[in-house]
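**Student:** 3D model of this:
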Amino acid sequence: MLLLDLFETSAEDERQHFDALHKTGFYGAQGAGLIFLAQSTGRFLLAERSTKPPPRNVEQPGTFGVWGGAIDSNEDPKTAAIREAEEECGYNGQIKMIPLFVFRKDTFRYSNFLGVIPDEFTPRLNWESESYKWCEFGNWPKPLHFGVMAILNDPNSVQIMKEFLKI
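**Tutor:** Presented below is the predicted three-dimensional model:
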């Protein structure tokens, strides 16, 4: 059994996430996501958001962003970020979660994490991402999602990332 099997989004959560999208422009009342950092290489993993047309289109298509999404009613931000990473790229191994920048706009809140893992892996992509990029700090793929840009403009988040890289 995959860890993902323990985290099923209910029909009620889906309805609430879509209601929030119509009210705020963000899918879900709250969200969470992570940037992977492989300890063995010191590289970060970002997802290129899908440009595929509806009915399954994503916000900010074609940008490189975190692996993440809406927080379900039975989750905290850390649990949601781990679930979303497994749903979106198949990772279900060892991970150390370090809080980074929290994006806020009106009532919406998006909690970002640095997901420190032992080694790089090949993501198993779903409809939300069309590719991915393992990259070194400062050598980010373009264009970046506004959420990643916010993390990189947050001095505390940058300091945390650099501390793990020992730079």
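
**Student:** Touching, residue 120 and residue 43? I think so.
**Tutor:** Yes - the criterion here is C-beta atoms under 8 Å, and residue 120 meets it with residue 43 at 6.5 Å. All C-beta spots, glycine's among them, are computed from the backbone N, C-alpha and C.

**Student:** list the residues that contact both of those two?
**Tutor:** Taking C-beta atoms under 8 Å, 6 or more residues apart in numbering as the contact rule, the neighbours common to residue 120 and residue 43 are residue 134.

**Student:** Now do the host helix or strand of residue 160: which elements does it pack against?
**Tutor:** Assigned by DSSP states H and E, residue 160 belongs to helix 155-165. Counting contacts by 3 or more C-beta pairs under 8 Å, 6 or more residues apart in numbering; DSSP states H and E, helix 155-165 is packed against strand 30-38, strand 96-105, strand 108-117, helix 146-152.

**Student:** Give me the residues contacting that helix.
**Tutor:** 37, 39, 42, 44, 98, 100-101, 112, 114, 116, 137, 151-152.

**Student:** and if we set it to 10 Å?
**Tutor:** If you take C-beta atoms under 10 Å, 6 or more residues apart in numbering as the criterion, helix 155-165 is touched by 35, 37, 39, 42-44, 96, 98-102, 112, 114, 116, 136-138, 150-152, 154, 167.

**Student:** List the buried residues for it?
**Tutor:** Neighbour-count burial for helix 155-165, counted by 16 or more other C-beta atoms under 10 Å, picks out 157, 158, 160, 161, 164.

**Student:** That'll do, ta.
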